[in-house]
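Engineer: fold the following.
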Amino acid sequence: MQFEFARFCWEAALKTFEELSRILASSGVTLLAVERTVTSCPPQAAHATSCGPQDGRVDIVVAYDSPDPLQEVDDAWFGLASRFGLFGESGEFLLMVNLHDDEPYDSDLYWARVRLQAQWTVAGSNRETINGPALEGLATMSPTGDVIIVGTKNQEDLSVLAVPRPHRASAIRNFAQFMLRNGELTTDEADNVKRWLARD
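Structural biologist: Here you go, the predicted model:
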């Protein structure tokens, strides 16, 4: 699997599995696999910041002038992750990654299956934003697709927010349906997304 992924990345001038592993490891995050097939929410549709309280959105705000805003972001993310069941049985979760080195394209967005090491950070190293462990922002989802947790930069503060049952959130649901209508998913992926959207 790793060989096929690396060959694909080389042909498309994208990050290899080894390069992405090295980037994530520097933040204490272990790369287990890159999910090549969408099984629930497509990463392109995970617009949690477009959701509102009516969608069940829960925010934790971190002030820029906090003594250690990045640690507070990590604490907020872990608290929401524990509360809403982000982690799988072995501690794994999904992290959105962009595999393109130069310019971001939606087609280069994937969910990476990862696990935290003993010492970790998902906030990044820039006190004025949330770089995330892949240095491209922070968007995470449970392996089951039952919750999305992201970090975002606001004008006056940083925020970590969770959207439980994202298949019910209108902004996420509408974009996933848009992708289905426009044939942006394979047949298997479309079937998976339809089943995900049909959940209670």
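Engineer: give me the pLDDT for Leu14.
Structural biologist: pLDDT for Leu14: 60.
Engineer: equivalent analysis for Ala48, please.
Structural biologist: 91.
Engineer: now do Arg127
Structural biologist: Residue-level confidence at Arg127 comes out at 68, pLDDT.
Engineer: over to Gln117?
Structural biologist: 96.
Engineer: you'd agree it is up against Leu31?
Structural biologist: No - in this structure, Gln117 is not within contact of Leu31 by C-beta atoms under 8 Å, at 11.0 Å. Bear in mind the C-beta positions are built from the backbone N, C-alpha and C, glycine included.
Engineer: can you pull the residues that touch both of the two?
Structural biologist: Counting by C-beta atoms under 8 Å, 6 or more residues apart in numbering, the contacts common to Gln117 and Leu31 are Ala25.
Engineer: what sits against Val122?
Structural biologist: Val122 neighbours (C-beta under 8 Å, 6+ apart): 27, 29, 73-74, 77, 132-133, 138, 140, 151.
Engineer: quick one: the strands in this structure, in order.
Structural biologist: Secondary structure of the chain (DSSP state E): strands located at 29-35, 58-63, 92-98, 109-116, 138-141, 147-153, 157-164.
Engineer: let's have the ones you listed in JSON lines, adding distance to Asp200 and mean neighbour count.
Structural biologist: Conversion of the strands of the chain to JSON lines gives the following (distance: least, C-beta to C-beta, whole Å; neighbours: other C-beta atoms under 10 Å):
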{"stretch": "strand 29-35", "distance to Asp200": "24", "mean neighbour count": "18"}
{"stretch": "strand 58-63", "distance to Asp200": "20", "mean neighbour count": "16"}
{"stretch": "strand 92-98", "distance to Asp200": "21", "mean neighbour count": "23"}
{"stretch": "strand 109-116", "distance to Asp200": "23", "mean neighbour count": "21"}
{"stretch": "strand 138-141", "distance to Asp200": "18", "mean neighbour count": "24"}
{"stretch": "strand 147-153", "distance to Asp200": "15", "mean neighbour count": "23"}
{"stretch": "strand 157-164", "distance to Asp200": "13", "mean neighbour count": "22"}
